[in-house]
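Undergrad: Everything below, folded, please.
(chains A, B, C and D)
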2 protein chains.
Amino acid sequence: MQIASNDAPSATIAEPGLDSQGGTRERILDIALDLFTEQGYEKTSLREIAERLGFSKAAIYYHFASKEDILLALHLRLHQFGADALGTIDEANMSPTVWAALIGQLIGQILEHRALFVFHERNRAAVERLHRERHETEHDDLEARFREVLTNQEIALRDRVRMACAFGAIVGGLVLVGNVFSDVPSSTLGALLREAVDDLLNPRASGRP
Amino acid sequence: MQIASNDAPSATIAEPGLDSQGGTRERILDIALDLFTEQGYEKTSLREIAERLGFSKAAIYYHFASKEDILLALHLRLHQFGADALGTIDEANMSPTVWAALIGQLIGQILEHRALFVFHERNRAAVERLHRERHETEHDDLEARFREVLTNQEIALRDRVRMACAFGAIVGGLVLVGNVFSDVPSSTLGALLREAVDDLLNPRASGRP
DNA sequence: GTCTATATAGGGATAGAC
DNA sequence: GTCTATCCCTATATAGAC
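TA: Reported below is the predicted structural model:
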């Protein structure tokens, strides 16, 4: 598994002892992303991360104050990518059409940063605990904003359910069931997903309430 | 959060010292389900579980050989409910229509055992590790069978993507985004979901390849 | 079937040298 | 910026009494 946002491979050569200008932090995050995804956050020890990095466990504490801070940093990576899409959300003026545009953006984001989304998918318990415990870090969350919209009584229930489905559909198509479509080109997959979402959010009007 | 399949509440009075004929095992599982869902599997200690039960930590080891065995037992609960739907799968003769029927059954299952699905959703890392480590326990898995179908090259890619989306859609609508529709009656929600899945799997034929 | 007490291990985190 | 060494705590698991 590989982070798409970073050119540097996760387990690479990377000039042992020379790249120390600041890339180390990112290397730690890349390796943590891999290990957290494979083994889960809690089952991954700092020792393992340090092992892959080639240096000792305690060195990590120079870059991160705690293990949880590594988790937080990874979560903030996602948040950053989601921020673009979030800007589009206008709770006051939401409709299936606006939602479709939002989901469309999200498809692009997920395709580009799939590893990051898979990581979140597999470590929901840990990430959500982080949210509860660090409510100071009120980095308004993607899903929180989603929830707001999906519970907005002014939108018809039927539409809201379909919005939730659209969200689930792309997560399902890209992340949920392993990597079943990993061999499909992103552009193809993206197009098929947009098509599907479109059918979901703009259903044929044929005589249903 | 409450397990739907069991009449006994998760944290109840339950005749301390008298119900010892065998209901204790189920009570442990119910409480574990709650705690694992709230705090995550790894962050939940056996001591906490024992505390809620009203007796000591070590007593649990009379019923389960290890903490992991509790996880496994909960996973098997899900598997049992999924088994019905699984029986319907005929890999040799799969089509969007057959899939729709399958998903329809699954909607019912999830609605009935939502807590169990939420638990799995939030503890994927732990459950999937269990799968890898206990491959002897070849209780053929729901998602594994799904994967087989979704990678079957004989089915058009477009259809397979939509199947994955349909799966994701119901998971998204029921489990993924918190409990946004918890106040909606199951029958209403189920109907809306079936409708949405139908549109997804039987798209309007309007001039797309 | 449940208890108390204890063994054992592992992981997060800190101090201080280099 | 990284190392070694160590502290401290928590959690799983076991032994044996009741």
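Undergrad: Within range of DNA strand C, give me the residues from chain A.
TA: Within chain A, the residues that sit near DNA strand C (Cβ under 7 Å from any atom of the strand) are A:44, A:45, A:46, A:47, A:57, A:58, A:61, A:65, A:66, A:67, A:68. Any C-beta I mention is one placed from the backbone N, CA and C, and that applies to glycine too.
Undergrad: Give me the subset of the residues you listed lying in helices.
TA: Here DSSP state H is the test, and the residues of chain A next to DNA strand C give A:46, A:47, A:61, A:67, A:68 as lying in helices.
Undergrad: can I get these in CSV with pLDDT and neighbour count?
TA: Output for those, formatted as CSV (pLDDT from 0 to 100; neighbours: other Cβ atoms under 10 Å in any protein chain shown):
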residue, pLDDT, neighbour count
A:46, 96, 19
A:47, 95, 11
A:61, 95, 12
A:67, 97, 17
A:68, 96, 15
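Undergrad: In JSON lines: the residues you listed, plus distance to chain B.
TA: Formatted as JSON lines, these follow (distance: Cβ to the nearest Cβ, whole Å):
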{"residue": "A:46", "distance to chain B": "15"}
{"residue": "A:47", "distance to chain B": "17"}
{"residue": "A:61", "distance to chain B": "22"}
{"residue": "A:67", "distance to chain B": "12"}
{"residue": "A:68", "distance to chain B": "12"}
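Undergrad: Which of those sits closest to residue A:23?
TA: residue A:61 (17.8 Å; Cβ to Cβ).
Undergrad: what's the average pLDDT for stretch A:77-84?
TA: Stretch A:77-84 carries an average pLDDT of 84.
Undergrad: Whether that stretch contacts chain B - can you check?
TA: No - Stretch A:77-84 does not reach chain B (Cβ under 8 Å from any Cβ of the partner chain); its nearest approach is 13.9 Å.
Undergrad: give me the number of residues near residue A:97?
TA: 10 (other Cβ atoms under 10 Å in any protein chain shown).
Undergrad: And the one 4 residues further on, by the same measure?
TA: Counted with other Cβ under 10 Å, the burial measure for residue A:101 works out to 13 neighbours.
Undergrad: so which strand or helix has it?
TA: In the assignment (DSSP states H and E), residue A:101 maps to helix A:96-112.
Undergrad: for chain A, which spans come out with low pLDDT?
TA: Low-confidence regions of chain A, defined by pLDDT under 70, span residues A:1-22, A:88-89, A:136-140, A:204-209.
Undergrad: all strands in it, in order from the N-terminus.
TA: With DSSP state E as the criterion, chain A has no strands.
Undergrad: measure the residue in it that DNA strand D sits nearest to to residue A:67 for me?
TA: At 2.7 Å from DNA strand D, residue A:55 is the closest residue in chain A, using Cβ to the nearest atom of the strand. Per Cβ to Cβ, to the nearest Å, residue A:55 is found 16 Å from residue A:67.
Undergrad: right, and residue A:96 touches residue A:164 too?
TA: No - if you go by Cβ atoms under 8 Å, residue A:96 and residue A:164 don't touch, sitting 11.7 Å apart.
Undergrad: anything in stretch A:125-139 sitting right up against DNA strand D?
TA: No - applying Cβ under 7 Å from any atom of the strand, one finds stretch A:125-139 separated from DNA strand D by no less than 13.0 Å.
Undergrad: Please apply the same query to stretch A:63-70.
TA: Yes - Stretch A:63-70 reaches DNA strand D (Cβ under 7 Å from any atom of the strand) through residue A:63.
Undergrad: what would the residues of chain A next to DNA strand C look like in a markdown table with distance to residue A:104?
TA: What follows is the residues of chain A next to DNA strand C, written out as a markdown table (distance: Cβ to Cβ, whole Å):
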| residue | distance to residue A:104 |
| --- | --- |
| A:44 | 34 |
| A:45 | 40 |
| A:46 | 39 |
| A:47 | 42 |
| A:57 | 43 |
| A:58 | 46 |
| A:61 | 42 |
| A:65 | 38 |
| A:66 | 37 |
| A:67 | 36 |
| A:68 | 34 |
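Undergrad: wait, which of the residues you listed is closest to residue A:111?
TA: Among the residues of chain A next to DNA strand C, and counting by Cβ to Cβ, the member closest to residue A:111 is residue A:44, at 26.0 Å.
Undergrad: so what's the closest one closest to, chain neighbours aside?
TA: residue A:35 (4.4 Å; Cβ to Cβ, 6 or more residues apart in numbering or on different chains).
Undergrad: number of nearby residues for that neighbour?
TA: The burial count for residue A:35: 21, using other Cβ under 10 Å.
Undergrad: Check residue A:92 too.
TA: Look at residue A:92: counted by other Cβ under 10 Å, it has 7 neighbours.
Undergrad: For chain A, which segments are assigned as helices?
TA: Counting by DSSP H, the helices of chain A are A:23-39, A:46-53, A:60-63, A:67-88, A:96-112, A:114-122, A:124-133, A:142-150, A:157-171, A:186-201.
Undergrad: Which of the ones you listed sits closest to residue B:129?
TA: Across these, closest to residue B:129 is helix A:23-39 (Cβ to Cβ), at 6.7 Å.
Undergrad: what's the angle between that closest one and helix A:114-122?
TA: Angle between the axes of helix A:23-39 and helix A:114-122 is 50 degrees (criterion: axes from the mean of the first three to the mean of the last three Cα atoms, to 10 degrees).
Undergrad: hmm, helix A:23-39 touching DNA strand D?
TA: Yes - residues of helix A:23-39 are located near DNA strand D by Cβ under 7 Å from any atom of the strand, namely residue A:24.
Undergrad: Alpha carbons of that helix, as PDB, please.
TA: What follows is helix A:23-39 as a C-alpha-only set of coordinates in PDB (Å, rounded to 0.1, in the frame of the first residue of the first chain):
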ATOM      1  CA  GLY A  23      11.700  14.900   5.200                       C
ATOM      2  CA  THR A  24      12.000  12.600   8.100                       C
ATOM      3  CA  ARG A  25       8.700  13.600   9.600                       C
ATOM      4  CA  GLU A  26       7.000  12.800   6.300                       C
ATOM      5  CA  ARG A  27       8.800   9.500   6.100                       C
ATOM      6  CA  ILE A  28       7.500   8.600   9.500                       C
ATOM      7  CA  LEU A  29       4.000   9.400   8.400                       C
ATOM      8  CA  ASP A  30       4.300   7.400   5.200                       C
ATOM      9  CA  ILE A  31       5.500   4.300   7.100                       C
ATOM     10  CA  ALA A  32       2.900   4.800   9.800                       C
ATOM     11  CA  LEU A  33       0.200   5.000   7.200                       C
ATOM     12  CA  ASP A  34       1.300   1.600   5.700                       C
ATOM     13  CA  LEU A  35       1.600  -0.100   9.100                       C
ATOM     14  CA  PHE A  36      -1.600   1.400  10.600                       C
ATOM     15  CA  THR A  37      -3.500   0.300   7.500                       C
ATOM     16  CA  GLU A  38      -2.100  -3.300   7.500                       C
ATOM     17  CA  GLN A  39      -2.100  -4.000  11.200                       C
END
